[in-house]
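S.K.: my questions concern the predicted model and sequence given below.
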Amino acid sequence: MLAKRIIPCLDVDKGRVVKGKKFKQIRDVADPVELAKRYRSDGADELVFYDITASNEGRDIFVDIVERVATEINIPFTVGGGLRSVADINRVLRAGADKVSLNSAALKNPSLITEAAAKFGSQCIVLSIDAKRTSSGWSVFMNGGRVDMQIDAIAWAKRGAELGAGEIVVNAIDVDGVKNGFNVVLTKAIANAVTIPVVASGGAGEKAHFAEILNEGKADAALAASVFHYSEISIPDLKNYLAANGITMRREPSWTK
């Protein structure tokens, strides 16, 4: 059985890691490079960096931060936000990112997924889906949860996989930062609809939430921010807990002492 992954998420705005609730109430947390180094030492499997205002502000992503992070860590990291073309993606990958996350740009131009996958390989292309419950089901939102695209999230996940995405991140806006648990229903529905890895994002508050999403929610990885940023959950303790509950994890020998 493939090991499940634990992925801290760093939302970056104006060069700093920030965090909010339901994509709002944003507050400062830390320096992204220092936080990345801490998570590498803690045993994170991967990292995700989102430039949370690049798309909405129509500007380029923070390439300088990508370069600085790449020199300090040796685990895979994904970068998203403000990537609108193959040239943008190439610049971020050359700066040291291992994968790129496409969200708003893919909604505006779905062929970008296919073009990028053809040039860089599907393993580099992550489709990030910001979804919120509406009267018609699960709707996809754009520009950091600001614009309802009136597209069904599960249908969009299936199309993204068909277009060439190698992984999907499901950002459940309704539970983001609330700490009452991941959205198991939505994550499971998407995991059942595609054959590529699915990463659950939004809502982690305790270790049991990770076990629930990785088991019942059928996620291949769990992504979280504030519980790690504020040391409410330590990654080594979390991995030991998950392993004790029958979930296969990547673990270093020191974590089992």
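M.R.: Great, that's in hand.

S.K.: how about Phe228: what's its closest non-neighbour residue?
M.R.: Nearest residue to Phe228 in three dimensions, chain neighbours excluded: Pro8, at 4.7 Å (C-beta to C-beta, 6 or more residues apart in numbering). All C-beta spots, glycine's among them, are computed from the backbone N, C-alpha and C.

S.K.: try Ala204
M.R.: Among residues not flanking Ala204 along the chain, Ala224 sits closest, at 3.9 Å (C-beta to C-beta, 6+ apart).

S.K.: so that neighbour touches Leu10, yeah?
M.R.: No - counting by C-beta atoms under 8 Å, Ala224 sits too far from Leu10 to count as a contact (11.0 Å).

S.K.: just to revisit the earlier point, list the contacts of the residue nearest to Ala204.
M.R.: Contacts for Ala224 were tallied using C-beta atoms under 8 Å, 6 or more residues apart in numbering; they are 6-9, 201, 204, 210, 233.

S.K.: which ones among those residues lie within strands?
M.R.: Applying DSSP state E to the contacts of Ala224, the entries found in strands are 6-9, 201.

S.K.: redo those as TSV? Include distance to Ala70.
M.R.: Compiled in TSV, these are given as follows (distance: C-beta to C-beta, whole Å):
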residue	distance to Ala70
Ile6	21
Ile7	17
Pro8	16
Cys9	17
Ser201	23
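
S.K.: out of these, which comes closest to Ala44?
M.R.: Distance to Ala44, by C-beta to C-beta, is smallest for Pro8 among the ones in strands among the contacts of Ala224, at 5.2 Å.

S.K.: which helix or strand contains the nearest residue to Leu163 once chain neighbours are set aside?
M.R.: Distances taken as C-beta to C-beta, 6+ apart place Ile113 nearest to Leu163, at 4.1 Å, with adjacent residues excluded. In this structure, Ile113 is located in helix 111-120 according to DSSP states H and E.

S.K.: pLDDT on that helix, on average?
M.R.: The average pLDDT within helix 111-120 is 98.

S.K.: residue contacts, the residue nearest to Ile173 when sequence neighbours are not counted?
M.R.: Distances taken as C-beta to C-beta, 6+ apart put Lys132 closest to Ile173, at 4.2 Å, once the chain neighbours are dropped. Taking C-beta under 8 Å, 6+ apart, we find Lys132 in contact with 138-139, 141, 145, 148, 172-174.

S.K.: out of those, which sit inside helices?
M.R.: Using DSSP state H, no member of the contacts of Lys132 falls within helices.

S.K.: how would you label the residue nearest to Ile173: helix, strand or coil?
M.R.: Classification of Lys132 by DSSP: H, G, I helix; E, B strand; the rest coil places it in strand.

S.K.: Leu242 versus that one, what's the distance?
M.R.: Distance of Lys132 to Leu242, given as C-beta to C-beta, to the nearest Å: 28 Å.

S.K.: so what does Leu127 have for phi and psi?
M.R.: phi -100, psi 120 (degrees, to the nearest 10).

S.K.: next up, the contacts around it.
M.R.: Counting by C-beta under 8 Å, 6+ apart, Leu127 touches 101-103, 106, 113, 157, 160-161, 165, 167-169.

S.K.: try it again at 7 Å.
M.R.: The contact partners of Leu127, by C-beta atoms under 7 Å, 6 or more residues apart in numbering, come to 102, 106, 113, 160, 165, 168.

S.K.: pipe those into TSV and attach secondary structure per row.
M.R.: Formatted as TSV, the contacts of Leu127 follow (three-state DSSP):
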residue	secondary structure
Leu102	strand
Ala106	helix
Ile113	helix
Gly160	helix
Ala165	coil
Ile168	strand
